[in-house]
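**Q** Give me a 3D structure for the following:
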Amino acid sequence: MTAMFLSGALALCRAQEPVAANARISEVIVYGDRAMVTRTAVVQLSKGEHVVRFADLPPSIDRGSLQASGRGKAVIRDVRFMQEQLAGVSDEKLRKLMDQREKLQDSLRACDDRITAAQVQKTFIDNIARKLTDPGDSTAAELDPGKWTGMVAFYRKSIDQYNGEVRAIDGLKREINRQIDKLNREINELNSNARQVKNLVDVVVEARDAGPVEIDLSCIVYGPSWTPAYTVRVSSDDKKMNLTFNSYVRQNTGESWNGVTLKLSTAVPSIGGAVPELSPWYVDIYKPRPVARKRAMLYEMEKSAPKSLSALAGGGPADEALSYEEQKEEAPPEMAIENSTVASGASAALYTIPGKKEIASDNQDHIVTIAAFDLPVDFAYATVPKLQPNVFLKATATNTSDYAFLPGATSIFLDNAFVSSGTLDLTIAGAKFETSLGVDQGVHIEYKQINRYQKDQGVVARKTKMMYEYAIILKNNKKSDVEVAVKDHYPVSKNADIVVTPIIPEKGPAPVIDNVGLAQWKIPLKTGQEMKLPVSFSVEYPRDANVDGL
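**A** Numbers count the residues shown, from 1 in each chain. You can find the predicted model right below:
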């Protein structure tokens, strides 16, 4: 009977021994500041209840996010999270490393001693040479060329020997220091592991029949992130834009993601999914806080008594005579905190990256391409020649894809040449967006002053009239026709005695001038065409006035 009982107990213990999962990371969903990591394990189970153990999980997991699922003739009964202290470092292993470090430190001190001895030898030789070459010393060497030549050769040989020995010792010291640094890292790692714990998850599975069972274990891991980035390539001849939607994925979880299905989500799990609750919003008539009784009494006493009465009554100002509770009551209310504004973008999207991906645990950016699109573009040329004699090119495109372009950095190329870096704003499907393509050297522009002269008018009125003439010269050197938006400005008078009159040409394109003097032309230019835009105006003011701004 006892034998049967022990046999059954042993069988029960064997049945409850954990089965190692030997899982691999199969899928990762990366959010802005975390990732959902799914591990898949295939285990062979006999009929009955088993504990499948997933070991060596990252230290930064969210235990509340654990969930298990599976495929096969089995039922998942429970999921348990556990932590185990890592095995302590053996004193013997640590002692050996510390002994090695101590021996290397002794070698380092021996190197310093050798350098000190070499310096003493060099100082001794320097002193001998100084003594033999001192004309005031009775023991100075005779001016025998043979003796001097031998002395110089001896001195040079001794110095070369000293320098060579010091260089060799310095090289040996560098190597010893490298070995000491390596030992320090190993010692620190051993001491660190002695204080660490490892995360384990046991999945309790009841197998209906013997055979293979596939189990998925998913959990949130903090730290991984992804940010959108774009490469924009524009062809001026084809009037097309190739936009590549990339992402920078980085992670430092302590385990590499090798051959995983990678998904990128725009959801923000940290915000939470619950609808916020409103508190009651009360309104009332403002009533000033009543003055404390003691403070009111002191106030009345100060009004009717000499200035020194307050000092006699309490030895200081009236406020200091208040109790702590009364001062607290009289304290000004806390300042209200103004809520920040929140901009909402498109709905959350989940991008599934085709193929299998590899993201190392190195906290470095790994470029992952989400999609690429060819979009038609319209070019627009703009210039402000008075400030900068260049024509700038902008491309306007429409997001004809099913993707929402998230805010991100862009690298912009025009005709396979890098032109600039920029940012792309949130652009939903069907919306238009602009990309600055920098300076287009194919359209030449020049801004120059033609004439400036003064006219004195009237004997009584005594007016001065200044005439200004400028010219904006455009030339299209491109193989296609263009339209250029040209901007300039005319002065605006802030005094009734100063009259500014733009002189609009009778022929040719006329600018559109707003109420603050800003002028704009829309100039179509055929290939090879040159056009001159006159900019002329007069300023009339009293002759003895000093006009500011001209």
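**Q** Lowest mean pLDDT among the helices and strands of the protein, which one is it?
**A** helix 309-314 (a mean of 35; mean pLDDT, DSSP states H and E).
**Q** show me where the stretch 251-400 of the chain has helices.
**A** Here the stretch 251-400 of the chain has its helices, by DSSP state H, counting those that start in this stretch, at 293-304, 309-314, 324-330.
**Q** Look at the nearest residue to residue 198 once chain neighbours are set aside and say how many residues are nearby.
**A** Of all residues not flanking residue 198 in the chain, residue 84 sits nearest, at 5.5 Å (C-beta to C-beta, 6 or more residues apart in numbering). Where C-beta positions appear, they are placed from N, C-alpha and C, glycine not excepted. For residue 84, the count of nearby residues is 10 (other C-beta atoms under 10 Å).
**Q** repeat for residue 201
**A** 22.
**Q** In three-state terms, label it for me.
**A** Secondary structure state of residue 201, per DSSP: H, G, I helix; E, B strand; the rest coil, is strand.
**Q** Then residue 171?
**A** helix.
**Q** give me the number of residues near it?
**A** Neighbours around residue 171, by other C-beta under 10 Å: 11.
**Q** State the distance from it to residue 177.
**A** Relative to residue 177, residue 171 is positioned 11 Å away (C-beta to C-beta, to the nearest Å).
**Q** Then residue 242?
**A** 52 Å.
**Q** try residue 216
**A** Residue 216 is 49 Å from residue 177, by C-beta to C-beta.
**Q** so where does residue 104 fall, helix or strand?
**A** Assessed by DSSP states H and E, residue 104 sits inside helix 91-132.
**Q** gap between that helix and the chain center?
**A** 47 Å (C-alpha atoms, centre = their mean, to the nearest Å).
**Q** same check, this time on stretch 41-56
**A** 43 Å.
**Q** Spatially nearest residue to residue 486, not counting backbone neighbours?
**A** residue 521 (4.4 Å).
**Q** how near is that neighbour to residue 533?
**A** 6 Å.
**Q** returning to that earlier point: intersection of neighbour lists for residue 171 and residue 177?
**A** Jointly contacting residue 171 and residue 177 under the rule C-beta atoms under 8 Å, 6 or more residues apart in numbering is no residue at all.
**Q** Give me the neighbour count for the nearest residue to residue 512 once chain neighbours are set aside.
**A** Nearest residue to residue 512 in three dimensions, chain neighbours excluded: residue 520, at 5.3 Å (C-beta to C-beta, 6+ apart). Residues near residue 520, counting by other C-beta under 10 Å, number 14.
**Q** just residue 61 next, same as before
**A** As a burial measure, residue 61 scores 19 neighbours (other C-beta under 10 Å).
**Q** Correct me if wrong: it contacts residue 218.
**A** No. The pair residue 61 / residue 218 is not scored as a contact, 10.3 Å apart, by C-beta atoms under 8 Å.
**Q** domain assignment for the chain?
**A** 15-86+196-223, 91-194, 227-266+349-439, 293-330, 443-542 (automatic domain parsing).
**Q** re earlier: quick one: contacts of whichever strand or helix holds the residue nearest to residue 198?
**A** Here residue 84, judged by DSSP H and E, is contained in strand 74-85. Residues from elsewhere that reach strand 74-85, judged by C-beta under 8 Å, 6+ apart: 45, 49, 63, 66-70, 196-208, 213, 215, 217.
**Q** Make a PyMOL selection of whichever of those residues turn out to be buried.
**A** Selection of buried members from the contacts of strand 74-85 for PyMOL, criterion 16 or more other C-beta atoms under 10 Å:
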select buried, resi 45+66+68+70+198+199+200+201+202+203+204+205+207+213+215+217
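**Q** So which of the contacts of strand 74-85 sit within helices?
**A** Residues from the contacts of strand 74-85 lying in helices, with DSSP state H as the criterion: none.
**Q** still on that earlier bit, could you double-check that the residue nearest to residue 512 sits in contact with residue 485?
**A** Yes. Counting by C-beta under 8 Å, residue 520 sits close enough to residue 485 to count as a contact (6.4 Å).
**Q** re earlier: secondary structure class of the residue nearest to residue 512, three-state.
**A** Residue 520 ends up strand, using three-state DSSP.
**Q** quick one, what contacts it?
**A** Residue 520 sits in contact with 485-487, 511-512, where contact means C-beta under 8 Å, 6+ apart.
**Q** got any residues that touch both of residue 521 and residue 533?
**A** Going by C-beta under 8 Å, 6+ apart, residues that sit against residue 521 and also against residue 533 are 486, 509, 511.
**Q** Looking at neighbours, which among those residues is most surrounded?
**A** Among these, residue 486 has more neighbours than the rest - 25 neighbours, counting by other C-beta under 10 Å.
**Q** residues in contact with it?
**A** 382-385, 472, 474, 520-521, 523, 533.
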